[in-house]
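Asker: Got a sequence here, can you build the structure:
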Amino acid sequence: MRIYISCSVEHSRSEKYPHGEIPPASGMALFISLCVGLLGSGYVLYKLYNGHRQRLLDLERELEPYPIVTNFFKQKCS
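Answerer: Numbering: from 1, shown residues only. Next up, the predicted model:
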């Protein structure tokens, strides 16, 4: 089963693919680059979330000696 992605750019047409379809090899390269891009952006989001979570944990550890402040944050977060 072959899947062709149509493209409306005029200069990408050739005699082999007259309707502007992307050849299978280019389609595979496009699919791989899309997957790599999604994985890369997911990794960046993970690192940002992990950094934010780590800063909150550090702040909680820093404020542990002050029970009033610690209780205030626990009430706000829950």
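
Asker: Run through the neighbouring helices and strands of the longest helix seen in the chain.
Answerer: When the chain is parsed with DSSP state H, its longest helix is helix 24-63. Counting contacts by 3 or more CB pairs under 8 Å, 6 or more residues apart in numbering; DSSP states H and E, helix 24-63 is packed against helix 67-77. C-betas here are computed from N, CA, C, even on glycine.

Asker: if you average pLDDT over the helix it packs on, what comes out?
Answerer: On average, the pLDDT along helix 67-77 is 67.

Asker: going forward can the numbers begin at 241, since that is how I track them
Answerer: That works, and once the first residue is 241, the last one we named lands at helix 307-317.

Asker: Could you list the low-pLDDT ranges of this protein?
Answerer: The chain contains residues with pLDDT under 70 at 241-262, 309-314, 316-318.

Asker: Now stretch 275-289: buried residues?
Answerer: Across stretch 275-289, burial judged by 16 or more other CB atoms under 10 Å covers no residue at all.

Asker: Alpha carbons of it, as PDB, please.
Answerer: What follows is stretch 275-289, C-alpha atoms only, in PDB (Å, rounded to 0.1, in the frame of the first residue of the first chain):
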ATOM      1  CA  CYS A 275       8.700  11.900  14.300                       C
ATOM      2  CA  VAL A 276      12.100  13.300  15.400                       C
ATOM      3  CA  GLY A 277      10.700  16.700  15.700                       C
ATOM      4  CA  LEU A 278       7.800  15.500  17.900                       C
ATOM      5  CA  LEU A 279      10.200  13.500  20.100                       C
ATOM      6  CA  GLY A 280      12.500  16.500  20.400                       C
ATOM      7  CA  SER A 281       9.700  18.800  21.400                       C
ATOM      8  CA  GLY A 282       8.400  16.300  23.900                       C
ATOM      9  CA  TYR A 283      11.900  16.000  25.500                       C
ATOM     10  CA  VAL A 284      12.100  19.800  25.800                       C
ATOM     11  CA  LEU A 285       8.700  20.000  27.500                       C
ATOM     12  CA  TYR A 286       9.800  17.200  29.800                       C
ATOM     13  CA  LYS A 287      13.000  19.100  30.700                       C
ATOM     14  CA  LEU A 288      11.100  22.300  31.300                       C
ATOM     15  CA  TYR A 289       8.500  20.600  33.500                       C
END
